[in-house]
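In: give me a model of this one.
(one chain, ligands or ions: 2)
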Amino acid sequence: MAEAVRIELPARVCGLALDIDGTLTEKKRLGEFNISLEAVEAVRRAEAAGIPVMLVTGNSVYVVAGVARYIGASGPHVAENGCIVYDNGTIYRVCRDTARRAARLIEEELAGVLKPSWQNPCRLHDYAFIPKLLEPGEALEAVKRVLSSRGINVKVGFSGYAIHLRPVDASKGRGLKLALKLRGLEPDCVVAVGDSVIDLEMKDAGVILAAVGNADEKLKKNADIVLPGESGRSVKALIDAILSNRG
Ligand SMILES: O=C(O)COP(=O)(O)O
Ligand SMILES: [Mg+2]
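Out: Ligands and ions are numbered 1, 2, ... in the order given. Got it, this is the predicted structure:
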């Protein structure tokens with residue numbers, strides 16, 4: 001029987017902000033998308049206890065709206081790494097800029113090295129590419145080289161699942177701030193959970209940031225909480241702790 005792990009939480013948790021890939025999935029691995037059933041069951045229990053669950057992801061708005069609907073996360077939800085917020089059928093555009101031109105260039109120049117995400121045709125600001133031949137780190141360097149050679153200024157980040165070209169005004173924290181405002185939630189009672197360095201941006205919304213047990217080292221070092229277990233199992237452990245604190 002695994003020993004109960006103490007998780008330092010605020011007295012009252014009023015909301016959860018969950019990343020998807022590597023956090024709600026069973027594993028954190030490029031190309032592994034199986035959602036964790038125990039995490040979904042825990043999300044249902046959180047919602048039933050009156051704790052709204054928001055998804056905050058690099059995925060497109062249609063993917064996050066679909067995942068939210070079928071797992072029962074009431075939202076609002078953040079897509080495109082903070083550039084879009086989706087709330088019950090309304091799409092809010094948080095980013096003013098777009099990385100579309102940079103994405104077109106990368107698609108041409110690095111066709112052999114990167115595969116455009118199937119979601120790119122329905123993205124508006126943030127574009128994703130899957131490393132094909134090179135290791136993700138090398139692919140990231142190749143992208144940065146091409147963009148700087150053309151003097152194109154966009155944010156480039158690797159989520160563990162895809163390389164994202166993002167407008168400079170993109171941040172998961174900005175999107176999450178709008179989501180909290182839409183629901184009237186105070187950030188100091190919201191717990192966010194992520195797995196990659198991009199999720200560090202959620203701290204900018206003033207929330208409590210938890211890293212799944214198998215998160216990127218840089219996230220674990222800068223998170224307020226490092227959860228036991230990995231990915232979806234970490235999310236379940238967190239929700240179990242929140243609900244047991246409620247007695
Ligand atoms: O879209 C991605 O690359 C990963 O998505 P995530 O932000 O939910 O981990
Ligand atoms: Mg992730």
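In: contacts and neighbour counts: CA atoms only from here.
Out: Fine.
In: what residues sit buried inside stretch 199-218?
Out: If you call a residue buried by 16 or more other CA atoms under 10 Å, then stretch 199-218 has these buried ones: 199-203, 205-216.
In: stretch 184-198 now?
Out: Result for stretch 184-198 [16+ other CA under 10 Å]: buried residues 186-187, 189-198.
In: cool, stretch 226-242 as well?
Out: Buried residues in stretch 226-242, counting neighbours by 16+ other CA under 10 Å, are found at 226-228, 230-239, 241-242.
In: Throw the buried residues of stretch 184-198 into a markdown table and include secondary structure and distance to Gly160, thanks.
Out: Below are the buried residues of stretch 184-198 laid out as a markdown table (DSSP: H, G, I helix; E, B strand; the rest coil; distance: CA to CA, whole Å):
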| residue | secondary structure | distance to Gly160 |
| --- | --- | --- |
| Glu186 | coil | 30 |
| Pro187 | helix | 26 |
| Cys189 | helix | 28 |
| Val190 | strand | 24 |
| Val191 | strand | 22 |
| Ala192 | strand | 18 |
| Val193 | strand | 15 |
| Gly194 | strand | 11 |
| Asp195 | coil | 8 |
| Ser196 | coil | 7 |
| Val197 | helix | 9 |
| Ile198 | helix | 10 |
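In: which member of those residues is positioned nearest Leu133?
Out: Comparing the buried residues of stretch 184-198 against Leu133 with CA to CA places Ser196 closest, at 21.8 Å.
In: quick check: Leu140 vs Leu176, distance?
Out: To Leu176, Leu140 is 26 Å away according to CA to CA, to the nearest Å.
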